[in-house]
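J.: I'll drop the sequence and a predicted model, then ask my questions.
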Amino acid sequence: MEARICNTRITLLPGDITEQETDAIVNAANPGLMGGGGVDGAIHMKGGPEILKECKSIRRSLPEGLPTGEAVITTGGRLRARKVIHTVGPVWSGGERGEPELLAKAYRSSLELSLKMGLKTVSFPSISTGAYGYPVEKASRVALRTVAEFLKKNKGIEEIRFVLHNTNDLKTYENALTEIVH
Ligand code: ADP
């Protein structure tokens with residue numbers, strides 16, 4: 001599915017984010033930035049050791065780790081994407097602990113960093129909805145609303161892709177996008 005929000009193409013597609021040829025792909029990382037399971041593991045596995053090397057160097061200036069909602073950037077290593085933006089989404093613990101705002105912040109920080117680095121095309125996974133347990137219906141609305149708000153205020157990004165790992169997530173994001181553009 002495709003839509004336009006303020007001249008930016010929004011694409012929802014099934015698949016594997018590590019295959020995307022956008023300028024950057026976003027990693028749903030954890031504060032340690034040392035890799036992990038899920039999409040994080042897949043990105044490091046396919047991108048090779050250069051990504052971890054840069055993550056380690058970033059960690060030297062962030063001894064406590066990357067705070068939830070913030071984002072940093074490394075090389076894409078051997079990936080087709082030139083850059084990987086690492087952000088940390090919130091762990092779901094019922095929804096009363098600021099999870100929606102923190103999830104929105106993770107998307108916003110990633111988009112701000114993309115703009116700052118002059119990146120025109122960016123792919124996102126469904127941040128927080130795997131190991132971090134955020135319900136995908138709620139997360140999809142936060143993700144797409146945050147993107148839409150960002151694009152109303154900021155020009156310069158040409159395409160934002162959401163790469164969904166299973167058909168149920170794809171359907172859920174499609175419903176959320178339909179709600180927002182109508
Ligand atoms: P988090 O810890 O933020 O929940 P996960 O990596 O556990 O991050 O899951 C986030 C989402 O990424 C989940 O929906 C998961 O199915 C999906 N995912 C896992 N591997 C990939 C991949 N290679 N490409 C795109 N999405 C993926």
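T.: Ah, there it is.
J.: all helices of the chain, in order?
T.: 38-47, 49-60, 99-116, 136-153, 167-181 (DSSP state H).
J.: do you know which of those helices lies nearest the ligand?
T.: Among the helices of the chain, helix 38-47 comes nearest to the ligand, with 2.2 Å by Cβ to the nearest ligand atom. Quick note: C-beta positions are derived from backbone N, CA and C, even for glycine.
J.: average pLDDT across that closest one?
T.: The average pLDDT for helix 38-47 rounds to 98.
J.: what is that helix packed up against?
T.: For helix 38-47, the elements it packs on are strand 24-28, helix 49-60, judged by 3 or more Cβ pairs under 8 Å, 6 or more residues apart in numbering; DSSP states H and E.
J.: any buried residues in it, and which?
T.: Going by neighbour count (16 or more other Cβ atoms under 10 Å), the buried part of helix 38-47 is 38, 39, 40, 42, 43, 44, 46, 47.
J.: grab the nearest non-local neighbour of residue 49.
T.: residue 77 (7.4 Å; Cβ to Cβ, 6 or more residues apart in numbering).
J.: actually residue 30, sorry about that
T.: Leaving aside its sequence neighbours, residue 30 sits nearest to residue 36 (Cβ to Cβ, 6+ apart; 5.3 Å).
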